[in-house]
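Chemist: this one's structure only:
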Ligand code: HDL
Ligand code: ZN
């Protein structure tokens, strides 16, 4: 292949390859769509502009001394959006990744990113039907399947599943059983399972093991979950002598159920929650974790599969090295505070050099449906650029790179590695 044609072939392959997005917080309209109170499908310009990343950023410009947090939280969504638009997009240059993302989405939808107020954009969104808008966004983002995050310990979402077990039956979406409290706070989680009718005791007496397994099986089946997920703090360890209940849960319940069903366990490690509680979802931060927890799990449970992403930039190289040691470990994404072009570039190049094409370079983590448009538009460009340089290095060895190789690699990285690791 002529080196000059590598760049064009790579960008074409990456742009045209449909993505299976392995981790988002998006929902189909069956879960209720904003602005319906309690609707879980968040979409449209006011949700996009008030995404919690932007709340954190606007509070750097207009401090709580000028706008008390509770005053902000009492504002209507459109008032919050107007406040953010004014201070981050009009009175300052929207150069941050979260700001740029909003503008990319507006432009790619064919709208004007230079409006001084949001009203013209609100008018266009008001004409959209949420269900058709899901199709429009998936087409623009070239995403063939959206993987949800279904938090069974969230009372509102659990009620929706209990009321209508088919609520997740939208072919554009796949479900994931999200169970953070079972490790983050086993005693409280055990009490809730007992309240839901499972014979579970905090000290694992009686039928606890069987009943926790029944709980997991009931919800994996109800949701048709394609994996089980947790976000874990930087101090996550396994084994963890300070969390004997959590260790028992992993060893006697979660691992046997996942192995029996062939489901991976996704660990998202490094989120230190609510360091600034007044910022609510915007108040979490990252922390460096100990990779040994991942290494011990992969070694102790060879029949289980682990999807792992870590939040600290400082953990990324050792996570790559751990993936070289365990075929049952699939590392994925540039999560949350790592989803910035400069860091996605660094991590992707390192992963290509250490793992070849045996990893999943990105997920969107979209919380607002419209974000799929910018998160994938931005990520594809960075991933393509890294691949171009790696292919140039490869061709310099005399290897005869062909277009079919590039297309195959794009499919592996953006869809097939995840699909084959989860068996979907
Ligand atoms: O725990 C998670 O899944 C994280 O992705 C959080 O939802 C986080 O608030 C987020 O939105 N990250 O992008
Ligand atoms: Zn997430």
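Modeler: Sure thing, it's come through. This is a predicted model, so every value here is computed, not measured. Ligands and ions are numbered 1, 2, ... in the order given.

Chemist: Please parse the chain into its domains.
Modeler: Recorded structural domains for the chain (assignment: automatic domain parsing) are 3-32+130-422, 45-127.

Chemist: so is residue 231 in a helix, a strand, or just coil?
Modeler: In three-state terms, and counting by DSSP: H, G, I helix; E, B strand; the rest coil, residue 231 is strand.

Chemist: go on, the one 10 residues further on?
Modeler: Using three-state DSSP, the secondary structure recorded for residue 241 is coil.

Chemist: And the domains of the chain: which comes nearest ligand 1?
Modeler: Nearest of those to ligand 1, taken as CB to the nearest ligand atom: domain 3-32+130-422 at 3.4 Å. The way it works is simple: take the backbone N, C-alpha and C, and place the C-beta from them, glycine included.

Chemist: So is that closest one next to ligand 1?
Modeler: Yes: using CB under 6 Å from any ligand atom, domain 3-32+130-422 reaches ligand 1 at 25, 149, 231, 268, 271, 281, 284, 336, 365, 367.

Chemist: Narrow those to those in strands?
Modeler: Judged by DSSP state E, strands contain the following of the residues of domain 3-32+130-422 next to ligand 1: 231, 268, 271.

Chemist: tally of neighbours for the closest residue to residue 366 other than its chain neighbours?
Modeler: The shortest distance from residue 366 to any non-neighbouring residue, by CB to CB, 6 or more residues apart in numbering, is to residue 24 (4.6 Å). Counted with other CB atoms under 10 Å, the neighbours of residue 24 add up to 23.

Chemist: hmm, back to that, can you redo the residues of domain 3-32+130-422 next to ligand 1 as JSON lines, where the extra columns are pLDDT and distance to residue 208?
Modeler: Output for these, formatted as JSON lines (pLDDT from 0 to 100; distance: CB to CB, whole Å):
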{"residue": "25", "pLDDT": "98", "distance to residue 208": "31"}
{"residue": "149", "pLDDT": "99", "distance to residue 208": "26"}
{"residue": "231", "pLDDT": "98", "distance to residue 208": "24"}
{"residue": "268", "pLDDT": "98", "distance to residue 208": "26"}
{"residue": "271", "pLDDT": "98", "distance to residue 208": "28"}
{"residue": "281", "pLDDT": "97", "distance to residue 208": "33"}
{"residue": "284", "pLDDT": "98", "distance to residue 208": "31"}
{"residue": "336", "pLDDT": "98", "distance to residue 208": "34"}
{"residue": "365", "pLDDT": "98", "distance to residue 208": "33"}
{"residue": "367", "pLDDT": "98", "distance to residue 208": "34"}
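
Chemist: if we can go back for a sec, from the domains of the chain, which stretch is densest packed?
Modeler: Among the domains of the chain, judged by mean count of other CB atoms under 10 Å, the one packed with the most neighbours on average is domain 3-32+130-422 (a mean of 19).

Chemist: chain center to it: distance?
Modeler: Domain 3-32+130-422 sits 6 Å away from the centroid of its parent chain (CA atoms, centre = their mean, to the nearest Å).

Chemist: how far does that domain stretch from start to finish?
Modeler: One end of domain 3-32+130-422 to the other measures 35 Å (CA to CA, to the nearest Å).

Chemist: residues in contact with residue 118?
Modeler: Residue 118 is in contact with 45-46, 49, 78, 81-82, 85, counting by CB atoms under 8 Å, 6 or more residues apart in numbering.

Chemist: cool, and residue 80?
Modeler: Listed by CB under 8 Å, 6+ apart, the contact partners of residue 80 are 46, 49-50, 55, 72.

Chemist: Which of these fall in helices?
Modeler: If you go by DSSP state H, the contacts of residue 80 have 46, 49, 55, 72 in helices.
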